[in-house]
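J.: predicted coordinates and the sequence they were generated for:
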Amino acid sequence: MPAVYSCTRLKLIRCHCSCMRQTDLRLWNICKFSHVIIRTRAVARFPKASILSMCLKQLRNINGCGEVMDITDLHLKDYLQGFQETLKNQQADYRVAILEAGSDAGEFERFINRQFRLRLQHYMLTSRARALETRLAITSRSTHFLLYQRDQLIAVLRATPAPFEWASLAQHHVSPTVALARHVEFSRLITHSQQHRPVSINGLLATAAEWAIDRGYQGVTALCRSPQRQLFQRFGLTPIASHAMHIEQRARGDYWLLSAEWRQILMALDQPVNMNVHQPEYRDVHNRQY
């Protein structure tokens with residue numbers, strides 16, 4: 001009996017010591033977090049209530065290993081949530097639906113196929129294009145974001161982890177680097193009308209970006225034409241190459257390859273002129289979206 005008692009007591013002592021180490025580690029990380037706030041001059045950019053909220057988030061987001069969510073991620077999530085709130089406040093009849101990987105993406109597929117036909121982009125519907133998506137299991141691996149106005153689907157976006165679709169399309173021009181391995185590819189940013197409002201697109205991109213941050217991705221990459229390049233660049237993505245690429249499978253059209261880490265997106269969103277919700281949107285009746 002004494003031996004059993006000693007063994008049980010020893011386990012309790014070890015458990016207690018482990019909890020103490022975790023507590024010390026968490027307190028140390030909170031101190032580091034506070035130091036980062038001061039060092040990055042976040043106090044000057046955020047009200048006291050917002051900084052207190054971020055500190056409380058740190059206490060909730062510390063995981064079992066005692067790690068703290070990156071300060072950039074927290075700042076950026078505040079901005080992204082702000083854009084989503086703006087969308088809800090200014091357009092009460094707008095909503096974004098998220099279809100996680102493995103969900104039925106039939107409505108998404110019907111929407112983009114119709115838009116491709118309306119824009120005479122038949123190269124997006126060829127058997128070769130379908131075969132590439134099948135080979136990479138794009139649909140089953142992707143999360144789809146659907147923007148509705150009332151019950152009408154007006155815009156969509158797709159987020160896909162590596163291997164990326166653009167890596168196969170642009171393999172003769174550029175290859176993915178290790179730095180992009182933890183990025184997520186944004187594609188199929190397509191709207192029902194060319195006269196879409198910036199606030200709705202910002203809300204859609206913000207929803208997708210916050211989703212990606214929560215799942216541990218380190219940034220975003222995208223292959224797009226010039227109209228989408230303007231939208232993505234305003235969101236913080238920058239061209240990887242200094243010139244457009246001619247993609248053979250896309251009727252040798254001009255495409256731009258973009259990428260950004262979260263800190264780059266945060267810097268872009270921190271500039272009011274870049275994400276002004278009242279700024280006129282680029283419009284082109286013959287705009288080819290993808």
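T.: Structure's in. What do you need?

J.: now R263. Nearest residue, chain neighbours left out?
T.: Of all residues not flanking R263 in the chain, T72 sits nearest, at 4.7 Å (C-beta to C-beta, 6 or more residues apart in numbering). Just so you know, the C-beta spots here come from the backbone N, C-alpha and C atoms, and that holds for glycine as well.

J.: what's that neighbour in contact with, if anything?
T.: Taking C-beta atoms under 8 Å, 6 or more residues apart in numbering as the contact definition, T72 lies against 262-263, 266.

J.: just the buried members of those?
T.: Buried residues within the contacts of T72, counting neighbours by 16 or more other C-beta atoms under 10 Å: 262-263, 266.

J.: picking up where we left off before, tell me how far the residue nearest to R263 lies from G219.
T.: As judged by C-beta to C-beta, to the nearest Å, T72 and G219 stand 11 Å apart.

J.: hmm, which helix or strand of the chain has the shakiest average pLDDT?
T.: Taking mean pLDDT, DSSP states H and E as the measure, helix 42-45 is the helix or strand of the chain with the lowest mean score, a mean of 47.

J.: and the contacts of the helix or strand harbouring A159?
T.: With secondary structure defined by DSSP states H and E, A159 is part of strand 152-161. With C-beta under 8 Å, 6+ apart as the test, strand 152-161 has contacts from 107-108, 111-112, 138, 141-148, 184-193, 196, 200-201, 204-205, 208, 211-212, 217.

J.: just the strands in the stretch 101-250 of the chain please.
T.: Assigned by DSSP state E, counting those that start in this stretch, the stretch 101-250 of the chain shows strands spanning 143-149, 152-161, 183-191, 219-224, 238-239, 245-247.

J.: the spatially closest residue to S142 that is not a sequence neighbour pairs with what?
T.: On the basis of C-beta to C-beta, 6+ apart, the spatially nearest residue to S142 that is not a chain neighbour turns out to be T160, at 4.3 Å. Note on T160: beta-bridge partners by DSSP bridges are E185.

J.: per-residue pLDDT, T160?
T.: According to the per-residue confidence, T160 scores 97 in pLDDT.

J.: and the strands of the stretch 101-250 of the chain: which comes nearest L231?
T.: strand 183-191 (6.8 Å; C-beta to C-beta).

J.: for the closest one, packing partners?
T.: For strand 183-191, the elements it packs on are helix 106-118, strand 152-161, helix 165-169, helix 198-214, strand 219-224, helix 226-234, judged by 3 or more C-beta pairs under 8 Å, 6 or more residues apart in numbering; DSSP states H and E.

J.: and the angle from it to helix 106-118?
T.: For strand 183-191 and helix 106-118, the angle between their directions (axes from the mean of the first three to the mean of the last three C-alpha atoms, to 10 degrees) works out to 60 degrees.

J.: report the rounded mean pLDDT for strand 183-191.
T.: Per-residue pLDDT over strand 183-191 has a mean of 95.

J.: also stretch 250-263?
T.: pLDDT averaged over stretch 250-263 equals 89, rounded to a whole number.
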